[in-house]
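Asks: dropping a prediction and its sequence here:
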Amino acid sequence: MQNSRPDYGETTGLLYDLAMQKYGIAAQTVVLCEECSEVIKAASKLLRYGKQGRQDLVEAFAEEIADAEIMMEQLERYYGIERDTIEQYKFAKRCRLKTSIDGDSNGVPDGETKED
């Protein structure tokens with residue numbers, strides 16, 4: 001399975017380890033929750049105001065996604081969750097989405113195979 005996130009190398013891993021050592025798992029989990037709520041708030045603003053002429057809202061949404069992803073990556077590393085495991089879950093969920101959209105019994109999104 002192909003890694004959907006770039007490999008930032010050991011420097012990022014070390015940074016995540018240092019953050020976990022300094023702040024601890026409980027604090028970092030709370031920050032993840034806060035970042036997820038900020039993604040929700042940014043998405044809500046896009047829904048309310050629309051994206052037309054509101055690049056500021058699109059950029060704010062992208063920034064909040066980045067913040068949440070960084071926190072998720074820290075917790076993935078802390079708990080030893082392999083990227084392949086997450087990619088397998090994502091593949092299964094995309095298959096369910098495809099099935100719900102088009103009722104295709106195959107359930108494999110176009111351009112993907114069950115071996116991906």
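Replies: Here it is on my side, so go on.
Asks: ok, then the element right after the longest helix seen in the chain?
Replies: Of all the segments assigned as helix in the chain under DSSP state H, the longest by residue count is helix 9-49. Per DSSP states H and E, the first helix or strand lying C-terminal to helix 9-49 is helix 55-79.
Asks: tell me which strands and helices that next one is in contact with?
Replies: Packing partners of helix 55-79 (3 or more C-beta pairs under 8 Å, 6 or more residues apart in numbering; DSSP states H and E): helix 9-49. No exception for glycine: its C-beta is placed from N, CA and C like everyone else's.
Asks: which residue is nearest the centroid of the chain?
Replies: The residue lying closest to the centre of the chain (C-alpha atoms, centre = their mean) is E69, at 5.0 Å.
Asks: distance check, that one against A27.
Replies: Using C-beta to C-beta, to the nearest Å, one gets 18 Å for the distance from E69 to A27.
Asks: pLDDT at the residue nearest to the centre of the chain, what is it?
Replies: With respect to pLDDT, E69 scores 97.
Asks: buried sites along stretch 66-76?
Replies: Residues D67, A68, I70, M71, M72, E73, Q74, L75, E76 are the ones in stretch 66-76 that count as buried (16 or more other C-beta atoms under 10 Å).
Asks: quick check: domain ranges of the protein?
Replies: Recorded structural domains for the chain (assignment: automatic domain parsing) are 9-81, 82-116.
Asks: which of the ones you listed has the lowest average pLDDT?
Replies: When the domains of the chain are compared by mean pLDDT, domain 82-116 comes last with a mean of 81.
Asks: circling back: right, so the domains of the chain: which one is the most enclosed?
Replies: domain 9-81 (a mean of 14; mean count of other C-beta atoms under 10 Å).
Asks: chain center to it: distance?
Replies: Averaging C-alpha positions (C-alpha atoms, centre = their mean, to the nearest Å) puts domain 9-81 8 Å from its chain's average.
Asks: and stretch 79-90, by the same measure?
Replies: With C-alpha atoms, centre = their mean, you get 11 Å for stretch 79-90.
Asks: so how far is L14 from Y89?
Replies: 27 Å.
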